[in-house]
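*Asks:* here is my input, please return the structure:
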Amino acid sequence: MNVHEIYTVPTASELTRVLVRIAVAAALGALLGEERQRAGKAAGLRTHMLVALGSALFMLFPIESGMSNDALSRIIQGVATGIGFLGAGTILKRTDPEEVHGLTTAAGIWLTAAIGLAVGAGQLWLPTVCAICAWVILSVLARFEKVKDRV
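*Replies:* This next block holds a predicted model:
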């Protein structure tokens, strides 16, 4: 085994492409996480950033390694399933049948993982649009819910 097999130095364009994807994934995770943190939820800014960053890495690694589309498909399936367990941990069922907390946070974590996967795969516009839509849902529509609840 030689040093080249262990550590390959990327070209400037490869490094730039990966750094942009990582930065975009973290920024989009931060957009959603900041709203959750402002709302006082346990899974806030850092959690959402890490979920997006980790999901991007799950896509970047096989892409940079030259893995097949079948391998990428299995990775997407694994992340989608695995992140569901993380999200499920945020859901609390109270004694009142109508009282369930954490569903929105769980859905946000799940969406953040999807956004990270999309960014890692090289898409930037689609996950950006989804993150903006999610932010509107989480922050703007939450205000409407509060007004409706007061009425």
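
*Asks:* who touches the residue most central in space within the chain in this structure?
*Replies:* The C-alpha lying nearest the average C-alpha coordinate of the chain belongs to residue 112 (CA atoms, centre = their mean; 2.3 Å). Under the criterion of CB atoms under 8 Å, 6 or more residues apart in numbering, the contact list for residue 112 reads 28, 29, 32, 33, 48, 51, 52, 55. All C-beta atoms are positioned from the backbone trio N, CA, C, and that covers glycine.

*Asks:* redo that, cut-off 6 Å
*Replies:* The contact partners of residue 112, by CB atoms under 6 Å, 6 or more residues apart in numbering, come to 29, 32, 48, 51, 52.

*Asks:* pLDDT weak spots in the protein?
*Replies:* Judged by pLDDT under 70, the chain has its weakly predicted residues at 1-6, 93, 148-149, 151.

*Asks:* where along it do the helices fall?
*Replies:* Taking DSSP state H as the criterion, the chain contains helices spanning 3-6, 12-38, 45-65, 69-88, 103-120, 125-135, 141-150.

*Asks:* who wins for proximity to residue 94 among these?
*Replies:* Distances from residue 94 to each of those were compared using CB to CB; the shortest belongs to helix 103-120, at 12.4 Å.

*Asks:* out of the contacts of residue 112, who's the most crowded?
*Replies:* The member of those that has the most neighbours, counting by other CB atoms under 10 Å, is residue 52 with 34 neighbours.

*Asks:* now that one: closest residue in space, sequence neighbours ignored.
*Replies:* Leaving aside its chain neighbours, residue 52 sits nearest to residue 29 (3.0 Å; criterion: CB to CB, 6 or more residues apart in numbering).

*Asks:* what lies in contact with stretch 46-55?
*Replies:* Under the contact criterion CB under 6 Å, 6+ apart, stretch 46-55 has outside partners 25-26, 28-30, 32-33, 79, 109, 112-113, 115-117.

*Asks:* same list (those residues) but as TSV, adding distance to residue 86.
*Replies:* Shown next, in TSV, are the contacts of stretch 46-55 (distance: CB to CB, whole Å):
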residue	distance to residue 86
25	16
26	17
28	18
29	13
30	18
32	14
33	14
79	10
109	6
112	10
113	8
115	15
116	13
117	14
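
*Asks:* farthest pair within those residues?
*Replies:* Spanning the widest gap among these are 30 and 79, at 19.2 Å by CB to CB.
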